[in-house]
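*Asks:* output the structure for:
(chains A and B)
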2 protein chains.
Amino acid sequence: MYIILFVKISDVGENTLIEIIQDLISSSESRPDFRRKENLILGIGDDAAVWKTESGLEISTTDTMVQGVHFSFAYSSWYDIGWRAMASNLSDIAAMGGAPLYALINIGLPIDTDVDNVKDLYKGILAVGDKYSVRIVGGDLVKSHIIFITIVIIGASSQNLMLRSEMKSGDVIAVTGSLGSSAAGLRVLSGALTNNSEMHKSIIDTHLRPTPRIIEGQILAENGIRAAMDISDGLVIDLNRLCNSSGVGAIIHTDKIPTDRRLKSDFSGEEILGWALSGGEDYELLFSGPESIVLSVIPMMPAGATIIGEVSGFNVGRVSVLDPENKPIKLNDKGWDHFKL
Amino acid sequence: MYIILFVKISDVGENTLIEIIQDLISSSESRPDFRRKENLILGIGDDAAVWKTESGLEISTTDTMVQGVHFSFAYSSWYDIGWRAMASNLSDIAAMGGAPLYALINIGLPIDTDVDNVKDLYKGILAVGDKYSVRIVGGDLVKSHIIFITIVIIGASSQNLMLRSEMKSGDVIAVTGSLGSSAAGLRVLSGALTNNSEMHKSIIDTHLRPTPRIIEGQILAENGIRAAMDISDGLVIDLNRLCNSSGVGAIIHTDKIPTDRRLKSDFSGEEILGWALSGGEDYELLFSGPESIVLSVIPMMPAGATIIGEVSGFNVGRVSVLDPENKPIKLNDKGWDHFKL
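*Replies:* The predicted structure follows:
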């Protein structure tokens, strides 16, 4: 008797699935008849792909948002969804220090969708794209039972690219803006709190209409920062990715993590810290560099930036979170892996 | 009493929806604070977008395929679906005369999908992509209840771009390869015929694993052909699009349309002609140019090519189909508009 075992993607998770696909691609490209194009500088594995052209570096990134997985009409308007889809893609360009140029937009829609809703979705996409003069140059509209949006952005980068693999032992670690507000906003949206203060409106906006740190990313890259990524899945899990790519460890201090001080009026310190560490979707930039460079760039950041820790040559691939008394705090180590059950 | 009417996208159809979106984008980009990027040569409306870099012209295109709309597991394997998704995108690059370079691949998958199926999907993508040494540089894997695949291809083009808007009155019209086999293959797949001849296997392959006419497109562009598109929705509807973009009319002759002569053993002449005119998904190139140029390029085409008609300055936007006695035949004028009911 034979038992056939099928391995589901929920068993292996997103990271393993990506590795499997990378292996397939690598072995395919290593065939003797594959004409190599040596201009590719960075393929799968960073925030964006990078290749060389005669005029400099070109970058591209893409993200898909699916109804019921990445957004819900229970608390997002069509405009919000368009904004967030565009902003999350722009955030990947920001993480490289690049400038967005062109976008391709593919949308799956049920045929009974109101035309006005599609217009609102585009208005949201354009509202954030226009801030950076992104030109929408193409796309595809397809029939689908569920709504999904795929955005591709193609941009340019200076030679001073920021990568995930460039963290060095002894560097300090910093983040732009403040963390945790997006998760707090989602909590307000989900109806946990009923009062409708200005603060609530502001954190809801942080969640629904994040600001990609394009300007900040360019300033960082131009001023000597070489390691960065954007925080989409949460500080700890994303910092862990940075550490793994760079072959280093990291130490961060909870009392240095910047959070919106207005949150304190409605939420406990523990809640706020939890969101700041693993809430995700802040779309702030996480970066590292020699302390002198980081201290010199912080005052240039329109969104501000704060040093939260340091890179260590020990405990490679591990993020240690220390409380104000420098005691390690135990983390809920679940990152956001949407393929795991 | 007020009656509020919601206009659904099924009421207006794909072309009108695209126009509405183009208007939104145009008015957004015409705002005084939008920094113009004059390098864009061609935006929405052709097979691919085109912009200028210091090294030449860059092109990009994207297509999405959705389970139950564009493919079905009833007669396609995961490998087939990957192949067809990649081939249809490459076909758009071919229509411009371009060379594909990089690809981004976004896939929506249920979490209980077998890992081996995802591998097969990628093997199909790579099998056709590798023929043209396309490098997969990034993408996104997302959880979704239905399966969908979005592929973006970024490529390079010579200055001798082929466009939809370049048909000229007096030019002759030609197609590569032969038409209708893909639709015939779909008919065999759907179980209409049970015998399993070599011919059946061959037309099934034409449907499931089309060959993008990359080589042919480059030869056409390099040798002076300026007007082309690929036939994805059917000869008549796609030629109609070419005519509308160029502001001309077209006459084609049914007895000149190339079809696979082996089809005659199992299908009627009327069926074959119907598929050739409006079956779609042949992914052959439809092009036009001065007769002398077309006659000179035909012998260079690996897939062959055939003159099927001529461009007319009259009846702008209209395609006339003439039978062997030069009598116009009445067309089933329904094109493939997947948003119309």
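*Asks:* switch to C-alpha atoms for all contacts and neighbour counts from now on
*Replies:* Will do.
*Asks:* pLDDT weak spots in the stretch 1-150 of chain A?
*Replies:* Applying pLDDT under 70 to the stretch 1-150 of chain A picks out residues A:1-4, A:36-38.
*Asks:* what segments of it are strands?
*Replies:* In the stretch 1-150 of chain A, the segments counted as strands under DSSP state E, counting those that start in this stretch are A:40-42, A:49-53, A:56-66, A:99-109, A:135-143, A:148-157.
*Asks:* is it true that A:G124 touches A:W83?
*Replies:* Yes - at 4.4 Å, A:G124 counts as touching A:W83 under the criterion of C-alpha atoms under 8 Å.
*Asks:* return the residues of the stretch 151-300 of chain A in contact with chain B.
*Replies:* By the rule C-alpha under 8 Å from any C-alpha of the partner chain, the part of the stretch 151-300 of chain A lying against chain B is A:V152.
*Asks:* would you mind measuring from whatever residue of the stretch 151-300 of chain A ends up closest to chain B to A:G139?
*Replies:* The nearest approach of the stretch 151-300 of chain A to chain B comes at A:V152, 7.9 Å away (C-alpha to the nearest C-alpha). Counting by C-alpha to C-alpha, to the nearest Å, the gap from A:V152 to A:G139 is 9 Å.
*Asks:* shared neighbours of those two, anything?
*Replies:* Common contact partners of A:V152 and A:G139 (C-alpha atoms under 8 Å, 6 or more residues apart in numbering or on different chains): A:L104, A:I105.
*Asks:* quick one, strands of the stretch 201-341 of chain A?
*Replies:* So, for the stretch 201-341 of chain A - with DSSP E, counting those that start in this stretch - the strands run A:227-230, A:249-253, A:285-289, A:305-312, A:319-322.
*Asks:* run through the bridge partners of the nearest residue to A:E58 once chain neighbours are set aside.
*Replies:* By the measure of C-alpha to C-alpha, 6 or more residues apart in numbering or on different chains, the closest residue to A:E58 outside its immediate chain neighbours is A:A156, 4.5 Å from it. Beta-bridge partners for A:A156, by DSSP bridges, are A:E58, A:A99.
*Asks:* so A:A156 makes contact with A:L101?
*Replies:* Yes - counting by C-alpha under 8 Å, A:L101 is a contact partner of A:A156 at 7.1 Å.
*Asks:* extract the residue ranges of the stretch 151-300 of chain A that are flagged as low pLDDT.
*Replies:* Within the stretch 151-300 of chain A, the stretches with pLDDT under 70 are A:194-195.
*Asks:* follow-up on the earlier one: just put the strands of the stretch 201-341 of chain A in TSV and tack on distance to A:V297 and mean neighbour count.
*Replies:* Compiled in TSV, these are given as follows (distance: least, C-alpha to C-alpha, whole Å; neighbours: other C-alpha atoms under 10 Å in any protein chain shown):
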stretch	distance to A:V297	mean neighbour count
strand A:227-230	14	30
strand A:249-253	20	23
strand A:285-289	10	28
strand A:305-312	9	22
strand A:319-322	24	20
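*Asks:* all helices in chain A, in order from the N-terminus.
*Replies:* A:9-29, A:78-96, A:115-131, A:181-189, A:198-208, A:214-222, A:235-246, A:269-278, A:291-297 (DSSP state H).
*Asks:* going by neighbour count, list what's buried in the third one.
*Replies:* Taking 16 or more other C-alpha atoms under 10 Å in any protein chain shown as the basis for neighbour counts, the residues of helix A:115-131 that come out buried are A:115, A:117-130.
*Asks:* which one of these is nearest chain B?
*Replies:* A:V115 (5.4 Å).
*Asks:* number of nearby residues for the residue lying closest to A:T62 once chain neighbours are set aside?
*Replies:* Take A:T62 and drop its neighbours on the chain: the residue closest to it by C-alpha to C-alpha, 6+ apart is A:V152, 4.3 Å away. Applying other C-alpha atoms under 10 Å in any protein chain shown, we find 27 residues neighbouring A:V152.
*Asks:* pretty sure A:V152 contacts A:N89?
*Replies:* Yes - using C-alpha under 8 Å, A:V152 is in contact with A:N89, at 7.3 Å.
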